[in-house]
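A.B. asks: Structure here, sequence nowhere to be found:
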Ligand code: NAP
C-alpha cells in the first residue's frame, strides 16, 4: 500500500489549497516545498516593488466564506509581503502546517504501473509512494538568467528578481544595470532608481503599461463589498478572465473615434489592465482596433516622458497591445525623467559581454557596481521539466513534451496516470485570475479522486485522442486572436530553443469551467478509468 494518498508538489496558492481540499476529503496528503517558507511565486519574488496586478478582492481564495469575511486587504493591489502574510494566515487558520514539508525539493516522480502508485523522491534523499501526484509547481517558477559571455567575471553582485535576497539589497551610491523590462523589470526599476547613484535600464523590447492607481482599501467600500462577496465570486467564476469586468460590449471599430478616446481615458484614469483592455470586444482579435488602443497608450508615454527621443524608445511597436502580458505601473515611465536614470536600447546595440567592471554592448561600455536580471521564466512547463517525471513505461515527461507542453484540459497528460497538473498547459492559467483558476482545478481534482474511490477505480489517465483534440482546440482559439503575433513567454519565445506552442487556453474561464464540469458529469469523458 502506498505511503500516502496524495503527494502535492509545491506550496504556493495551488499547493496550499490542494492540501486543504484533499485532506478535507479524507485523504492522506503531504506537500513538499523547495522554499524555506510557503507562498511559491510570492515567496521567491520578494524584490522591491513586487505587487500583484489583480485586485486583492479578486486575488484571494473564495473557498471559505468565513476567510473572505475575516481577512482585510490594506491596498487595492496587494504588495508581495501582504500576499505572503495572507498565505501564512491561511495555512495556520486551516491547520495545514503539519502536512507541508519546507526546504524539500522534489527531484523525481516515477509511475509504477504494477503497483499503480507514484514514487516521489526529494533532495534529502527520501522517497515516498503515493496513489496520486498533484503538481502545484506554479507557471512562473523556473527563472532564467541569460547566458551572457563573461558574467562569471563580473566583480560586483548580480541578482535575479525571482531569487532576491530576503534581507534586501542596499543600492545606495551604486551604478546598477537592469536587464529586463517586463512586468517585473517595470516594478523593480523605480525602486532601484530611488536608491542608486545611477540606474541603466537595458531595454530589448519596449512594453505597454497601464497605471494601477493603487490606493488604500476604504473600510466602508470593503464592508459594502463583503456584504455581497458570494454573488461576486459566482460572477467571477462565470466570467471570461476570472474577474468580472464591465466592457462596453461593443467593437472599437464601430465606435466614433472621439468616443473611443473618451472611454479609454476614463479607464486609464481608473487604472487596471483588465478593464482597460476589456473596453472593446475587438481589441485582442482585430489589429486595426488594437492599433487604436496601442496608439492611445503610446500617447500617454509621450506626454509623460520629457525627452522625446527617450519617449519614442519607450513606445512599444513590436507587438499588439495585450499580446504580451500587459504591465501595470504608476511610476515607471515618469522615472525616465530622473537625472540618475538612463534608458539603453539593446535591440539596436545588443549586449555583447560582461566584464569585471560592467557591461559591453555593441556600441558602448557601461561601468556597473551591480547587475539585476528581471529576465523572466521558463513558463508553464519549465518547472515540471526540471523534475525527473517518468510515466508509463518510464517515458520522461521531457520526452513527451519535446515538441511543446500538452495535456488534456490543462490538467492531465496522456501516459501519466494519476498525475494532475494545477493550471497546466492548455488551461486558462496565466490568462486568468490565477487564484480562481487554481481553486477550480483543485476542486475538480478532489472530486475526480473521490469519484474513483466511490466507483472502485484506482487509476485515471487522459486518452491520447482527448489530449490531441483538446490541444487542437487550444491552438485554434489562440490563433483566432492576436496573441500568437508576439514573441512572448506565452509561446515560449523567451527561452532559446523552446518549441513555439501557445499553451494558455483563451476560451474563457467560465466556458472552460463548464467544459471541465461536463467531462466530470459524463463519468470523466476522455479519460480511461481502471
Ligand atoms: P518577462 O515578462 O518574460 O520579461 C522578461 C524581460 O527580460 C523582457 O523585457 C525580456 O525582453 C528581457 N530579456 C529576457 N532575456 C533577455 C536577454 N537575453 N537579453 C536582454 N533582455 C532579455 O518576465 P517578468 O517581467 O518576470 O514577468 C513574467 C510574468 O510574471 C509576467 O508576464 C506576469 O504574468 C508575471 N508577473 C506579474 C506581476 C504582477 O502581478 N504585477 C509582476 C511581475 C511578474 P524581450 O521582451 O525582448 O524578450
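C.D. replies: Great, that's in hand. Treat the numbers as computed from the prediction; the structure is a model and nothing was measured.

A.B. asks: Could you tell me the average pLDDT over the lengthiest strand in the chain, please?
C.D. replies: Scanning the chain for the strand with the most residues, using DSSP state E, yields strand 127-135. Throughout strand 127-135, pLDDT has a mean value of 98.

A.B. asks: can you check stretch 176-183 too?
C.D. replies: 98.

A.B. asks: oh, and call the first residue 304 from now on, that's how I've got it
C.D. replies: All set: I'll call the first residue 304, so the last point we hit is now stretch 479-486.

A.B. asks: which residues touch that stretch?
C.D. replies: 356, 449, 464, 488, 491-492, 495, 499, 501-510, 627-628, 630-631, 649, 654, 661-662, 669, 671-679 (Cβ atoms under 8 Å, 6 or more residues apart in numbering). (C-beta placed from N, C-alpha, C; glycine too.)

A.B. asks: If we check the ligand, which of the residues you listed are in contact?
C.D. replies: 356, 449, 488, 507-508, 628, 631, 649, 677-679 (Cβ under 6 Å from any ligand atom).

A.B. asks: Show me how to select, in ChimeraX, the buried members of those.
C.D. replies: This is the ChimeraX syntax for the buried subset of these, where burial follows 16 or more other Cβ atoms under 10 Å:
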select :356,488,507,508,628,631,649,677,678,679
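
A.B. asks: Now residue 666: closest residue in space, sequence neighbours ignored.
C.D. replies: Using Cβ to Cβ, 6 or more residues apart in numbering and skipping the chain neighbours, the partner closest in space to residue 666 is residue 652 (4.2 Å).

A.B. asks: Settle this for me: the one you found is touching residue 667, isn't it.
C.D. replies: Yes. Contact criterion Cβ atoms under 8 Å: residue 652 and residue 667 qualify, at 6.9 Å.

A.B. asks: Between these two, which has more neighbouring residues?
C.D. replies: Per other Cβ atoms under 10 Å, whichever of residue 652 and residue 667 has more neighbours is residue 652, with 13 against 10.

A.B. asks: give the contact list for the more buried one.
C.D. replies: 664-667.

A.B. asks: which SSE is residue 802 in?
C.D. replies: Per DSSP states H and E: residue 802 is located in neither a helix nor a strand.

A.B. asks: Is the nearest residue to it once chain neighbours are set aside in a helix, a strand, or coil?
C.D. replies: Residue nearest to residue 802 in three dimensions, not counting chain neighbours: residue 707, with 4.0 Å by Cβ to Cβ, 6+ apart. Recorded secondary structure, residue 707: coil (DSSP: H, G, I helix; E, B strand; the rest coil).

A.B. asks: Can you give me the end-to-end span of stretch 538-554?
C.D. replies: 23 Å (Cα to Cα, to the nearest Å).

A.B. asks: After the top helix by length along the chain, which helix or strand is next? Please name it.
C.D. replies: Looking across the chain with DSSP state H, the single longest helix is helix 737-757. Using DSSP H and E, the next helix or strand after helix 737-757 towards the C-terminus is strand 763-765.

A.B. asks: Which positions within stretch 760-767 qualify as buried?
C.D. replies: Using 16+ other Cβ under 10 Å as the test for burial, stretch 760-767 gives 760, 762-765.

A.B. asks: Then stretch 455-467?
C.D. replies: Under the neighbour-count criterion of 16+ other Cβ under 10 Å, stretch 455-467 has 457, 461-465, 467 buried.

A.B. asks: Need the max-distance pair from those residues.
C.D. replies: The span of these, defined through Cβ to Cβ, is set by 457 and 465 at 18.8 Å.

A.B. asks: Let's verify residue 614: helix, strand, or coil?
C.D. replies: Three-state call for residue 614 (three-state DSSP): helix.

A.B. asks: Could you report the distance from residue 376 to residue 359?
C.D. replies: The span separating residue 376 from residue 359 equals 4 Å under the rule Cβ to Cβ, to the nearest Å.

A.B. asks: Please disregard the earlier target; I meant residue 383.
C.D. replies: Taking Cβ to Cβ as the measure, residue 383 falls 12 Å from residue 359.

A.B. asks: and what of residue 456?
C.D. replies: 43 Å.

A.B. asks: just residue 681 next, same as before
C.D. replies: According to Cβ to Cβ, residue 681 and residue 359 sit 28 Å apart.

A.B. asks: likewise residue 564?
C.D. replies: Applying Cβ to Cβ, the value for residue 564 to residue 359 is 30 Å.

A.B. asks: quick one, which of the two is more surrounded?
C.D. replies: Per other Cβ under 10 Å, whichever of residue 564 and residue 359 has more neighbours is residue 359, with 21 against 14.

A.B. asks: what's near enough to touch the more buried one?
C.D. replies: For residue 359, the contacting residues are 376, 378-381, 385, 520, by Cβ under 8 Å, 6+ apart.

A.B. asks: Specify which member of the residues you listed is nearest to residue 715.
C.D. replies: The nearest member of the contacts of residue 359 to residue 715, counting by Cβ to Cβ, is residue 381 at 31.8 Å.

A.B. asks: State the pLDDT value of the closest one.
C.D. replies: pLDDT recorded at residue 381 is 98.

A.B. asks: quick one: the closest residue to it other than its chain neighbours and residue 742, what's the gap?
C.D. replies: In space, and not counting its chain neighbours, residue 381 is closest to residue 359: 4.4 Å by Cβ to Cβ, 6+ apart. Between residue 359 and residue 742 the computed distance is 16 Å (Cβ to Cβ).
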